[in-house]
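# quick check, what structure comes out for this input:
(chains A and B)
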2 protein chains.
Amino acid sequence: MTDRSHLVILGGGFAGLTLARKLRRAPWRITLVDRRNHHLFQPLLYQVATAGLAPGDIAEPIRRVLAKNDNVTVRLGEAVRIDADKKEVHLSDGDVLEFERLVVATGVTHSHFGHDEWAEAAPGLKTIGDALEIRRRMLMAFERAEWEDDAEERRKLLTFVVVGAGPTGVELAGAIKEIALKTLRKEFRTIDPVRDARVLLVEAGPRVLAAYPDPLSDKALAQLQSLGVEVRLGEPVTAVDRDGVTIAGERVPAANVLWAAGVKASPLGQTLGVPLDRAGRVQVNPDLSVPDHPDIYVLGDLAHLEIDGRVLPGVAPVAIQQAEHLAKDLLKRRRTPFAYKDLGSMATIGHHRAIADLGFMKLSGYFAWLAWVFVHLMTLVGYRNRMVVFLKWAWAWFTFERSSRLVWQGESHEPWNQVPGEGGSGEVAAQGGRDVA
Amino acid sequence: MTDRSHLVILGGGFAGLTLARKLRRAPWRITLVDRRNHHLFQPLLYQVATAGLAPGDIAEPIRRVLAKNDNVTVRLGEAVRIDADKKEVHLSDGDVLEFERLVVATGVTHSHFGHDEWAEAAPGLKTIGDALEIRRRMLMAFERAEWEDDAEERRKLLTFVVVGAGPTGVELAGAIKEIALKTLRKEFRTIDPVRDARVLLVEAGPRVLAAYPDPLSDKALAQLQSLGVEVRLGEPVTAVDRDGVTIAGERVPAANVLWAAGVKASPLGQTLGVPLDRAGRVQVNPDLSVPDHPDIYVLGDLAHLEIDGRVLPGVAPVAIQQAEHLAKDLLKRRRTPFAYKDLGSMATIGHHRAIADLGFMKLSGYFAWLAWVFVHLMTLVGYRNRMVVFLKWAWAWFTFERSSRLVWQGESHEPWNQVPGEGGSGEVAAQGGRDVA
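Predicted coordinates:
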């Protein structure tokens, strides 16, 4: 095998990992490059952010998943540039990988609509690190409020604003409200989380879950409101800083702003030198290859593909189906157009509320929630994860406890004076009272 | 109630938390101050460091543990000074707590024998943050070795040196060797973890587990050696830096040095103005109060108490029994001397090896390991934790998998050029391929 029989996959998300697994019997050398050592089950990331699950429950080491794929080498590293003509991928550490075929599946990241300065005050939710930072801020806000004498400051600390009412925003808002209503209700002496915690869900568009059919979107709105979430529709956020947000001209003081409003494509797509859409996604051919470079493919969220006049959404099923399609084509040495089979979509709102659009059937409420639990458990990578997550959910169901409420990032010598966002310094001040030989 | 009927407890470790729980029916206002929001089950911390358990499995929010103790207010914050005469505790944020009675249980932290510059290269293990940093370094060493061309550099990356052969050192060394032998064995293509990973356990004294009876200490040594750990006894470490250690004059190149050799007392004890021992621990009266300040008590690892010519060891059972003793004395408004009931001690070495000294019986091997599992499960705070930890252990027992192998601290744009120890910057570079709506 020369280096030229080498398939390189960039990204170990749903698309990249599925492709590598499906090519187990391929007679090529394969290298999968990811910046992280783990595959992340992103649909449940909001549960890490809201203390329901631990990071390890929704992530699996890429190396372990591919342990039996002898033709795959896993490379922890970051691709920074693709030279499509020379057929080279340049990594941030200076290494260069030559390839015969390349699959780019590095996805998207959050976008603050050009306001990069908002990112610090309003973190988005894409990685384990993001989720832990959101969890830390949320739990610290309650801790600080408990000891804050000033009523106005206390109100600000207990105001949570979620920007963007897509699935992530709806799930975050519902979960935060529920933590206040159930999990923390008996644990504080000065504040009353049930009475004092205020959760706003702000959306510039006219509906929550805009990608869903109207009746489900209406149901989701009703469920959010019955939980006590204040939903503000048709009201764009025009300013964000550490002290709050401006919503359609109105200033709302809030110490906790979470961003769930927009995404932009991985910058790697730009280095391909091919046409991009407005969000920076690569416009791919029907067989998922890139114009003028038949040996370079783009999959998943980074790909822009229109089928029957509709751009495919950035969801896991699209990424997985594309990877399966490409694996078959590669193994059979053919090129066929990708077709998407829409299996429906779902979102949860709090403890046992959800909506589900299964195409042939629309559900809301308790049964939609059961369907959501079933689908998400079954698609988690790894049996161990499924078992642990199932037990944690069962436990939480009966007790309303949340199992992952630790704060360890942002430990500092002055927890109260600490500026949010400067946390997670990695420095850990040792604290005693716990030594056990 | 005036402020003067106020009992303040500093530290939510085994001593502080046990005391607060036992005083549930006390007619006083109680404030428990801790720098962290969680109680940590320190005896299992090495399992977080070695990827066997997740942080949430061995920690519990202090607030939740004390939710039903209506007389207790939990204060997240750090005490920096005690004014024993004025009966005041000063917190780092400037707040002052007045007390009638004070219990100091802030424990110990690791000590690099006056070589503070060693701390960066050789992290100790006292907090969740420490454990995650050790886990990150260990897993990253294997990742980097997989792509390192230079044989000498590769050898350095795969050399793990544990300094100090007390229970923590023995457990760490055994667990690291086992990860190489079992968990990672099939997952790499260039390196062979079984053949290439070298684990040294270095101890200046003549024995491993010096606090245990000779025969058990010998058994532990034999078990470590049969696992493949290189044990170096009677050889003090004289230098530590990023590239290795000097052991009794011999230079050993090693990218991973872990510190399990010494502890020093929490600096809070110094502010009491009472006699300290050489390690900075407070010399307490038989009733656990402090000389000349009958309303100030010191419990747990921070207390130095000699009974029958033997200084009590810094272990969880001592802290718990002292707290129970003091709670009884306080409730009955009496002062009695503390007596320690030694229930024995145990340590594990890898997958199913252990030693246990139960006083009336000494065990080693498989049955000692079963005893270890039983005792540690039963004493974990929280039923949910017990259930989850039991299942993870059962799973690991059959599969040798380790459930918590994520690396998310130290994410950077240049993972390979990254200097260990500069990780955990809290900045999380977004990475795509995983967006799911």
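# now do the strands in the stretch 201-350 of chain A.
Secondary structure of the stretch 201-350 of chain A, counting by DSSP state E, counting those that start in this stretch: strands at A:230-233, A:237-241, A:244-247, A:250-253, A:256-259, A:263-265, A:282-283, A:289-290, A:293-298, A:303-304, A:306-307, A:310-311, A:345-348.
# and the first one, what's buried?
So the one you mean is strand A:230-233. Residues of strand A:230-233 classed as buried: A:230-232 (neighbour count, 16 or more other C-beta atoms under 10 Å in any protein chain shown). Using the backbone N, CA and C atoms, a C-beta is placed for each residue, glycine as well.
# reformat those residues as JSON lines; add pLDDT and distance to chain B.
As requested, the buried residues of strand A:230-233 are exported to JSON lines (pLDDT from 0 to 100; distance: C-beta to the nearest C-beta, whole Å):
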{"residue": "A:Glu230", "pLDDT": "97", "distance to chain B": "23"}
{"residue": "A:Val231", "pLDDT": "97", "distance to chain B": "19"}
{"residue": "A:Arg232", "pLDDT": "97", "distance to chain B": "21"}
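# could you measure the residue positioned nearest the centre of chain A against A:Thr109, distance?
The residue lying closest to the centre of chain A (C-alpha atoms, centre = their mean) is A:Lys126, at 3.8 Å. Going from A:Lys126 to A:Thr109 by C-beta to C-beta, to the nearest Å gives 6 Å.
# could you do A:Val318 as well?
Between A:Val318 and A:Thr109 the distance is 18 Å, computed by C-beta to C-beta.
# these two: who's more crowded?
Higher neighbour count among A:Val318 and A:Thr109: A:Val318, with 24 against 21, using other C-beta atoms under 10 Å in any protein chain shown.
# ok, now which ones touch the closest residue to the more buried one other than its chain neighbours?
Excluding the flanking residues, the one nearest A:Val318 by C-beta to C-beta, 6 or more residues apart in numbering or on different chains is A:Leu312, at 5.0 Å. Shown in contact with A:Leu312 (C-beta atoms under 8 Å, 6 or more residues apart in numbering or on different chains): A:303, A:305-306, A:318, A:340.
# max pairwise distance over those: which two?
Pairwise distances across these (C-beta to C-beta) peak at 12.6 Å, for the pair A:Glu306 and A:Val318.
# can you redo the contacts of A:Leu312 as CSV with pLDDT?
CSV is the format used below for the contacts of A:Leu312 (pLDDT from 0 to 100):
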residue, pLDDT
A:Ala303, 97
A:Leu305, 97
A:Glu306, 95
A:Val318, 93
A:Tyr340, 93
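# mind checking the SS state of A:Trp9?
For residue A:9 the amino acid is Ile, not Trp. Going by DSSP: H, G, I helix; E, B strand; the rest coil, the secondary structure assigned to A:Ile9 is strand.
# which strands and helices lie in contact with the helix ranked longest in chain A?
Using DSSP state H, we find that the single longest helix of chain A is helix A:128-146. Using 3 or more C-beta pairs under 8 Å, 6 or more residues apart in numbering or on different chains; DSSP states H and E as the contact test, the elements touching helix A:128-146 are helix A:45-49, helix A:151-157, strand A:256-259, strand B:72-76.
# now the second one - C-alpha only, PDB.
Right, helix A:151-157. C-alpha atoms of helix A:151-157 as PDB (Å, rounded to 0.1, in the frame of the first residue of the first chain):
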ATOM      1  CA  ALA A 151     -32.700  42.300  46.200                       C
ATOM      2  CA  GLU A 152     -32.100  43.700  42.700                       C
ATOM      3  CA  GLU A 153     -28.800  41.900  42.400                       C
ATOM      4  CA  ARG A 154     -30.500  38.700  43.600                       C
ATOM      5  CA  ARG A 155     -33.200  39.000  41.000                       C
ATOM      6  CA  LYS A 156     -30.500  39.500  38.300                       C
ATOM      7  CA  LEU A 157     -28.600  36.400  39.500                       C
END
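# how about it and chain B, touching?
No - Helix A:151-157 stays clear of chain B (C-beta under 8 Å from any C-beta of the partner chain), getting no nearer than 13.1 Å.
# give me the next element, helix or strand, following that helix.
Note on helix A:151-157: by DSSP states H and E, the next helix or strand toward the C-terminus is strand A:159-163.
# I'd like the helices and strands packed on helix A:128-146 as TSV, with mean pLDDT and distance to B:Gly273 appended.
Compiled in TSV, the helices and strands packed on helix A:128-146 are given as follows (pLDDT from 0 to 100; distance: least, C-beta to C-beta, whole Å):
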stretch	mean pLDDT	distance to B:Gly273
helix A:45-49	89	46
helix A:151-157	95	36
strand A:256-259	95	42
strand B:72-76	95	24
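# for those, which one sits closest to A:Leu363?
Among the helices and strands packed on helix A:128-146, the nearest to A:Leu363 by C-beta to C-beta is helix A:45-49 (20.2 Å).
# the helix or strand just after that closest one pairs with which strands?
As assigned by DSSP H and E, the chain's next helix or strand after helix A:45-49 is strand A:59-61. Strand pairing for strand A:59-61, determined by DSSP bridges: strand A:38-40 (antiparallel).
# from the chain's centre, how far out does the strand it pairs with sit?
Relative to its chain's centre, strand A:38-40 lies at 11 Å (C-alpha atoms, centre = their mean, to the nearest Å).
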